[in-house]
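Undergrad: dropping a prediction and its sequence here:
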Amino acid sequence: MDFAKRGSPEERRGSAKRNLELVGLGDKLDNLPSELSGGEQQRVAIARSLANDPKLIIGDEPTGNLDSKTEDRMFQLLKELADQGKTVIYVTHSQNLAAKANRRVRMLDGVIAED
């Protein structure tokens with residue numbers, strides 16, 4: 001997660017570790033992508049999205065490869081980020097995840113069918 005060029009290399013590494021800890025992967029800091037499962041790679045993507053402390057987070061199926069327990073944990077993280085004032089938008093096919101959203105927009109054939 002060296003792409004966020006803020007601070008010294010040590011500060012960036014510390015930030016990367018904190019973000020990985022948020023998604024339950026603090027122990028995977030030195031692993032290569034090929035050494036991670038699909039679900040772990042997906043959680044790393046969530047951690048990377050936080051690297052520059054964005055005001056807007058957009059996720060396309062951010063929990064698609066996760067088991068239900070981990071999906072719930074990642075939703076809690078997204079909810080906490082929203083509670084901190086960040087805008088969180090995600091696309092999902094998970095009815096469980098959609099049911100928990102503050103606002104749901106359903107699309108059908110590329111058109112908003114429900115808002």
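TA: On my side now, so go ahead. Numbers count the residues shown, from 1 in each chain.

Undergrad: tell me where this structure has strands.
TA: Listed in chain order, the strands of the chain (DSSP state E) span 56-60, 87-91, 106-108, 111-114.

Undergrad: and the second one, how far from the chain's centre?
TA: Distance of strand 87-91 from its chain centroid, counting by Cα atoms, centre = their mean, to the nearest Å, is 10 Å.

Undergrad: ok, and for that strand, which residues are buried?
TA: Val88, Tyr90 (16 or more other Cβ atoms under 10 Å). For every residue, glycine as well, the C-beta is placed using N, CA and C.

Undergrad: what does that strand contact?
TA: Applying Cβ atoms under 8 Å, 6 or more residues apart in numbering, the contact partners of strand 87-91 are 55-62, 78-79, 81-82, 97, 101.

Undergrad: one more time with 6 Å
TA: Residues outside strand 87-91 that contact it (Cβ atoms under 6 Å, 6 or more residues apart in numbering) are Leu56, Ile57, Ile58, Gly59, Asp60, Pro62, Leu78, Leu81, Ala82.

Undergrad: now tell me which helix or strand of this structure has the poorest mean pLDDT.
TA: helix 95-100 (a mean of 87; mean pLDDT, DSSP states H and E).

Undergrad: buried set for that helix?
TA: So, applying 16+ other Cβ under 10 Å, buried residues of helix 95-100: Leu97.

Undergrad: residue nearest the centroid of the protein?
TA: Ile46 (2.9 Å; Cα atoms, centre = their mean).

Undergrad: show the contacting residues for that one.
TA: For Ile46, counting by Cβ under 6 Å, 6+ apart, the contacting residues are Val23, Pro62.

Undergrad: Val91 versus that one, what's the distance?
TA: 14 Å (Cβ to Cβ, to the nearest Å).

Undergrad: let's have the strands of the chain in TSV, adding distance to Asp72 and mean pLDDT.
TA: Converted to TSV, the strands of the chain look like this (distance: least, Cβ to Cβ, whole Å; pLDDT from 0 to 100):
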stretch	distance to Asp72	mean pLDDT
strand 56-60	15	93
strand 87-91	14	94
strand 106-108	22	90
strand 111-114	24	94
